[in-house]
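S.K.: With the sequence up front, the predicted model follows.
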Amino acid sequence: MHRPISFCLLMLAVQPLHAATCDIDVAAMEFRIEDLEPSYGAVTSDISCDLPTLPVHRLMCDAAAASQDDLWRMGRLDDLAWVYALENATGLMVDLEDPVRDESFLATRDACSDVACLCKVLIDHTNDSLGGTSPYAQ
């Protein structure tokens, strides 16, 4: 039995669009994560996927569960980059298991309700943290 083309187009339209809309170099992102992991691997996300309530947290947790999605990895890079930047700016060691968070960034990120906003916020914050060593276009 064949489905009408309108049904197929509708199904494509309701499929979640995640990191593909971020237009990033995934290999460069992964390379930068691998570079930071040895020093900052104990840093964890502030987002708990046990019962995510905010729309942006649900987007991130859905991404973490999806094998082809890079939003969670972008969040991972941002977490590592923030702690790296904090240590470089202050010259002090950060408690990697409980780092000080960028509350302004978290408020901006958590106000997002769609992927486009989340992409922009993650890219901007990572660029601010890593400067010229960020894998994202500046």
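M.R.: That came through, no problem.
S.K.: Name the next helix or strand following the longest helix seen in the chain along the chain.
M.R.: Ranked by residue count under DSSP state H, the longest helix found in the chain is helix 71-90. Where DSSP states H and E defines the elements, the next helix or strand beyond helix 71-90 is helix 103-110.
S.K.: Could I get the average pLDDT for that next one?
M.R.: Average pLDDT, helix 103-110: 97.
S.K.: which residues touch that helix?
M.R.: D46, L54, V56, H57, W82, L118, V121, L122, H125 (C-beta atoms under 8 Å, 6 or more residues apart in numbering). Quick note: C-beta positions are derived from backbone N, CA and C, even for glycine.
S.K.: likewise stretch 28-46?
M.R.: Contacts to stretch 28-46, defined as C-beta under 8 Å, 6+ apart, come from residues 60, 70, 73-77, 79-81, 83-84, 96-97, 99, 101, 106, 130, 133-136.
S.K.: Can you flag the buried ones in those residues?
M.R.: For the contacts of stretch 28-46, a neighbour count by 16 or more other C-beta atoms under 10 Å gives the buried set as 60, 70, 73-77, 79-81, 83-84, 99, 130, 134-136.
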